[in-house]
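J.: what would the 3D arrangement of this be:
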Amino acid sequence: MDLKAFIRRLPKAELHLHIEGALEPEMMFDLARRNGVVLSYPSVEATRAAYAFRDLQSFLDIYYAGAAVLLHERDFYDLAMAYFHRARADGVVHAELFFDPQTHTARGVAFETVLAGLERAAQDAEALLGISSRLILCFLRHLSEAEAFATLELARPHHHRIHGVGLDSSEQGHPPAKFERVFACCHDLGLRLVAHAGEEGPPAYVWEALDRLRIERIDHGVRAAEDPALVARLVRERIPLTVCPLSNVRLRVFPDLARHNLKQLLDRGLCVTLNSDDPAYFGGYIGQNFLEAAEALGLSRSDLVTLARNSLQASFVTDAERAPWLAQLETVAGES
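T.: As a prediction, this is how the structure comes out:
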């Protein structure tokens, strides 16, 4: 079995996927025409050519502009279903989708419109494609605590339809502790807690996310490797890291994939998972991340099985849901 086929056959969970970041330029232009939105770029080709990012902020500027085409429930449904079809082709059996309601409510799109479109797609994906999923609401960290609380109030009547909350957007200058009270309220509502930390921000942000926000998974977390005490804690407490290698290279966290620290983190015993982040912008969905990381870093098939197993074990599903996927994974591993 060739490497690409082996990766595709591995049952895996995607735990770090911004659904707005799965908006391919072709769909962006289709939705712009459907909704009468004027885009900044004249063509699909010109849009893709603009994806030469200097850093996280230069990406976010384009990301937020592209999201302007998402206006109606149908738009969010179409976006999510397109992702689910791609994920299924890559062997994803479970996906936990981040969504950014503040990106949309600031443009006058109702919170319920966003949630209804994504929820309907999640239901259809399970029925038609066999992919289970969870929805994780993310607060934009470059905005204020008060704005996060306002979004939480919009979400409160729907909290039973949302599985967790996260923290994303510009990391530098916006430490996790800024949202400590917001996350405390989310914890009291019974929501699962995750946060971006240690991508561009320092290891101290990872400590804060753990201690001040009480999060269960670190999104990115690659800079944790700079702090041996932090690494020891992550290993001891089995805190998962949702690492996104192609994203890290595109955003200049690492100069190239061969110098990414994914293999080092794995070898040090951390619960590393592999994900695509914003695949329409960063050059590949989860299968491409597995393939390019394996080739650039010399990952063995055993390493790839470990990454897939970690993703299933780190997902927010029940043991009963997880068990058949783990059994399937061991079958594939035995065939390699």
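
J.: can you show me the CA trace of stretch 62-72 as CSV?
T.: What follows is stretch 62-72 as a C-alpha-only set of coordinates in CSV (Å, rounded to 0.1, in the frame of the first residue of the first chain):
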residue,chain,number,x,y,z
ILE,A,62,-7.6,38.3,3.9
TYR,A,63,-9.5,35.7,6.0
TYR,A,64,-11.9,38.3,7.4
ALA,A,65,-12.4,39.9,4.0
GLY,A,66,-13.3,36.6,2.4
ALA,A,67,-15.9,35.8,5.1
ALA,A,68,-17.9,38.8,3.9
VAL,A,69,-19.6,36.5,1.3
LEU,A,70,-21.2,34.4,4.1
LEU,A,71,-24.6,35.9,4.7
HIS,A,72,-27.3,33.3,4.8
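
J.: got the contact list for that stretch?
T.: By C-beta atoms under 8 Å, 6 or more residues apart in numbering, the residues outside stretch 62-72 that reach it are 20-21, 23, 28, 31-32, 35, 37, 39-40, 47, 50-51, 53, 75-76, 79, 100, 103-104, 107, 109, 113-114, 117, 278, 281. Quick note: C-beta positions are derived from backbone N, CA and C, even for glycine.

J.: mean confidence (pLDDT) on that stretch, please.
T.: When the per-residue pLDDT values of stretch 62-72 are averaged, the result is 90.

J.: make residue 1 into 2 and carry on from there
T.: In the new count, where the first residue is 2, that last one comes out as stretch 63-73.

J.: where in this protein is the helix or strand with the lowest mean pLDDT?
T.: Taking mean pLDDT, DSSP states H and E as the measure, the helix or strand of the chain with the lowest value is helix 57-67, at a mean of 82.

J.: returning to what we had before: which of the contacts of stretch 63-73 are buried?
T.: Those of the contacts of stretch 63-73 that meet the buried threshold are 21-22, 24, 29, 32, 40, 48, 51, 54, 76-77, 80, 101, 104-105, 110, 114-115, 118, 279, 282, by 16 or more other C-beta atoms under 10 Å.

J.: in strands, which of the residues you listed fall?
T.: With strands taken from DSSP state E, there is no overlap with these.

J.: which of these fall in helices?
T.: Using DSSP state H, the members of the buried ones among the contacts of stretch 63-73 that fall within helices are Met29, Leu32, Thr48, Asp76, Phe77, Leu80, Thr104, His105, Thr114, Val115, Gly118, Tyr282.
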